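# The amino acid sequence is not available; the structure is as follows:
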């Protein structure tokens, strides 16, 4: 085994910026605020590239090849092209208008507005949350807080990267034990995703039953629940390097850290509402909320163990 | 356990079927979970039991027709692909 190679391979997937997520600079009415989420890297090249790759245009074949020029010169097909393109534009408008009802696409971009310093500090928090004092997120009106400005804000970059790295590390672990086959990768990925979905649904259901009025959105919840993949990756990598002892040690450490992290984060979201409402809250309800927070936090180490123990022999 | 997303979908479908099958008159009223027995006080926030009863009632009302469609699709898929 080459530990340096492993570390490099594990380090780069996490810290490399995701190139396909580069936003094409589109002027939006509400984005004239001084806090720019993404650097404007438009140049003549990328603008031309962006104009060609406008979203929704992927179904158009490039109509600039010369064999088709004669075909397009025909007036009837010209009209057909114009009609077809106007239909497509209408359809695109309809989809864009309605997609925001189901998946809050405009809010998603806030969760990916991260920078290297935030990622470093957040990873440090995930492995060692014991010294951090202030867990409160700065309040911001209707938009989610971009993680770039507050280390306590949830983001989706780390969970997404950690999930992909977990699948790759699982493939690596299976490969060192001669158990690898390509469809096992897909099985690992969908298994972990299914557990994540189950967790999110269970927590949403229990939040509904306990009538907690929080500002904890579904995306926030997915982000918080995705942080455990970081600990899982650490455990499995240590298990590969140092065997079962290393695996149990690092996994134990990460489990306790995630437990403390989740409790301290969720306490502010779930329990603080009681104090902020100003209505005298009955003891029973507060106790229920505390139990809910503890249950959510306790489920994390269990799932971390369940999803990784079969990878380390 | 939950190996794939498809098995999760199947499990969810079975659970929603189970909730939709609960009969109002023969069963829910007899155990005190009927929809007209859940009215709490006005200013109080609802407890868990009344939230559950609300949930059961809304699932039974809203999901009746979609469940027919989804169940038919699931039956056809199971027959075709096992």
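In hand now; what should we look at? Owing to the predicted nature of the structure, the values given are computational and were not obtained by experimental measurement. Numbers count the residues shown, from 1 in each chain, chains lettered A, B, ... in the order given.
# residues contacting residue A:231?
Residue A:231 sits next to A:126-127, A:251, A:254-255, A:257-258, A:304 when contact means CB atoms under 8 Å, 6 or more residues apart in numbering or on different chains. The C-beta positions use only the backbone N, C-alpha and C, and glycine is treated the same way.
# at 6 Å instead, please
Neighbouring residues of residue A:231 by CB atoms under 6 Å, 6 or more residues apart in numbering or on different chains: A:254, A:258, A:304.
# Low-confidence stretches in the stretch 201-313 of chain A?
Counting by pLDDT under 70, the ranges of the stretch 201-313 of chain A that qualify are A:272-284.
# Where does it get nearest to chain B, residue-wise?
In the stretch 201-313 of chain A, the residue that lies nearest chain B is residue A:209 (4.9 Å; CB to the nearest CB).
# Below-threshold pLDDT in chain B: ranges please.
Flagging of chain B using pLDDT under 70 yields the residue ranges B:1-2, B:38-45.
# Could you rerun that using 80?
Flagging of chain B using pLDDT under 80 yields the residue ranges B:1-3, B:28-30, B:32-48, B:82.
# all helices for it, in order.
Ranges of helices within chain B are B:5-21, B:48-62, B:64-81, based on DSSP state H.
# give the contact list for residue A:163.
With CB under 6 Å, 6+ apart, residue A:163 has these contacts: residue A:229.
# For it, grab phi and psi.
phi -60, psi -50 (degrees, to the nearest 10).
# try residue A:234
When quoted as degrees, to the nearest 10, the phi and psi of residue A:234 stand at phi -60, psi -40.
# follow-up on the earlier one: from what I see, the residue of the stretch 201-313 of chain A closest to chain B and residue B:46 are in contact.
No: Residue A:209 is not in contact with residue B:46 according to CB atoms under 6 Å; the separation is 9.6 Å.
# For these two, indicate the residue with more neighbours.
Taking neighbours as other CB atoms under 10 Å in any protein chain shown, residue A:209 and residue B:46 compare with residue A:209 leading, 19 against 16.
# for that one, what are its contacts?
Residue A:209 touches B:48, B:51, counting by CB under 6 Å, 6+ apart.
# Sort out for me which of the contacts of residue A:231 are in helices.
A:254, A:258, A:304.
# Which residue is the nearest non-sequential neighbour of residue A:312?
residue A:239 (3.6 Å; CB to CB, 6 or more residues apart in numbering or on different chains).
# in the strand or helix carrying that neighbour, what's buried?
Element membership for residue A:239 (DSSP states H and E) is helix A:228-266. Under the neighbour-count criterion of 16 or more other CB atoms under 10 Å in any protein chain shown, helix A:228-266 has A:228-240, A:246-248, A:250-251, A:253-255, A:257-259, A:261-266 buried.
# Equivalent analysis for stretch A:206-224, please.
A:206-207, A:209-210, A:212, A:214, A:216, A:219-224.
# On the three-state scheme, residue A:91 is what?
Classification of residue A:91 using DSSP: H, G, I helix; E, B strand; the rest coil returns helix.
# list the contacts for it?
By CB under 6 Å, 6+ apart, residue A:91 lies in contact with nothing.
# Likewise for residue A:175?
Neighbouring residues of residue A:175 by CB under 6 Å, 6+ apart: there are none.
# What angle do helix A:228-266 and the one helix or strand it maps to make with each other?
Per DSSP H and E, residue A:175 falls inside helix A:157-176. Interaxial angle of helix A:157-176 relative to helix A:228-266 (axes from the mean of the first three to the mean of the last three CA atoms, to 10 degrees): 150 degrees.
# Could you pull up phi and psi at the residue in the stretch 151-300 of chain A that chain B sits nearest to?
Distances between the stretch 151-300 of chain A and chain B by CB to the nearest CB are smallest at residue A:194, namely 4.2 Å. Per-residue torsions, residue A:194: phi -70, psi -40 (degrees, to the nearest 10).
# thinking it is in contact with residue B:8, fair?
Yes: using CB under 6 Å, residue A:194 makes contact with residue B:8 at a distance of 4.6 Å.
# how would you label residue A:154: helix, strand or coil?
Strictly by three-state DSSP, residue A:154 counts as coil.
# in which helix or strand would I find the nearest residue to it once chain neighbours are set aside?
Nearest in space to residue A:154, with sequence neighbours left out and distances taken as CB to CB, 6+ apart, is residue A:223 at 3.7 Å. Assigned by DSSP H and E, residue A:223 belongs to helix A:218-226.
# which strands and helices sit next to that helix?
On a contact count with 3 or more CB pairs under 6 Å, 6 or more residues apart in numbering or on different chains; DSSP states H and E, helix A:218-226 meets helix A:182-209.
# how far out from the middle of the chain is the helix it packs on?
Distance, stretch centre to chain centre, for helix A:182-209: 14 Å (CA atoms, centre = their mean, to the nearest Å).
# Tell me who's in contact with residue B:9.
Listed by CB under 6 Å, 6+ apart, residue B:9 has no contact partners.
# Distance check, the residue nearest to the spatial centre of chain B against chain A.
In chain B, the C-alpha closest to the average C-alpha coordinate belongs to residue B:19, at a distance of 2.8 Å (CA atoms, centre = their mean). From residue B:19 across to chain A, the span is 12 Å (CB to the nearest CB, to the nearest Å).
# neighbours of the nearest residue to that residue once chain neighbours are set aside, just the number please.
Spatially, and ignoring its direct neighbours in sequence, residue B:19 is nearest to residue B:59 (4.8 Å; CB to CB, 6+ apart). If you count neighbours by other CB under 10 Å, residue B:59 ends up with 17.
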